[in-house]
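Asks: predicted model and sequence follow; I will ask about them next.
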Amino acid sequence: MELTGRLTANATVSTLKDERQVVNFTIAINDYYKPKGSAEAKQFTQFVRCSYWKNTIVAQWLLKGKVVEISGRLFTSAYVSGDGEAKANLNALCKSIKVHSAGSKNENNSKLENTGGDISIKQPVFSGATGQEEGDIPF
């Protein structure tokens, strides 16, 4: 399954008891629909809790507000809240991550190397004098 959304917060790296590390982040996917017979569209946001197990170096590029495209397996987890209400979370076990960003002149446009996973950073390169894009370099 492939999903594209915006990061709701900076990614975090968690270390488990057995010393394995995982990158956790949440994306928000905005959507809308128009109910039949209605002139007004309804907007809603779906939140997806994501985890990436291959390499933690990607966490430095997963910053709040960035648009990411993930590929992986979706699953739900149901629970009962403290006030007795049944709830569920939509989760994704990410196989690959693409970070889509327009970048800025002040951002670090470093390459991702030796990541050991399927990670792609797409940021345009800016020239220092004019601020013009020189090209889109996939990493």
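Replies: Done, it's in. Numbering: from 1, shown residues only.
Asks: tell me the centre residue of the protein?
Replies: The centroid of the chain falls nearest to residue 68 when counting by Cα atoms, centre = their mean (4.2 Å).
Asks: show me the contacts for it.
Replies: Shown in contact with residue 68 (Cβ atoms under 8 Å, 6 or more residues apart in numbering): 4, 5, 6, 7, 27, 62, 97, 98, 99, 100. All C-beta atoms are positioned from the backbone trio N, CA, C, and that covers glycine.
Asks: by neighbour count, which of the residues you listed wins?
Replies: residue 97 (25 neighbours; other Cβ atoms under 10 Å).
Asks: mind checking the SS state of that residue?
Replies: With DSSP: H, G, I helix; E, B strand; the rest coil as the basis, residue 97 sits in strand.
Asks: what sits opposite it in the beta ladder?
Replies: residue 70, residue 119 (DSSP bridges).
Asks: does it touch residue 67 like I think?
Replies: No. The pair residue 97 / residue 67 is not scored as a contact, 11.4 Å apart, by Cβ atoms under 8 Å.
Asks: all strands for this protein, in order.
Replies: 2-7, 12-15, 21-33, 42-52, 67-80, 86-100, 118-126, 133-138 (DSSP state E).
Asks: and the fifth one with strand 42-52, angle?
Replies: Between the axis of strand 67-80 and that of strand 42-52 there is an angle of 90 degrees, by axes from the mean of the first three to the mean of the last three Cα atoms, to 10 degrees.
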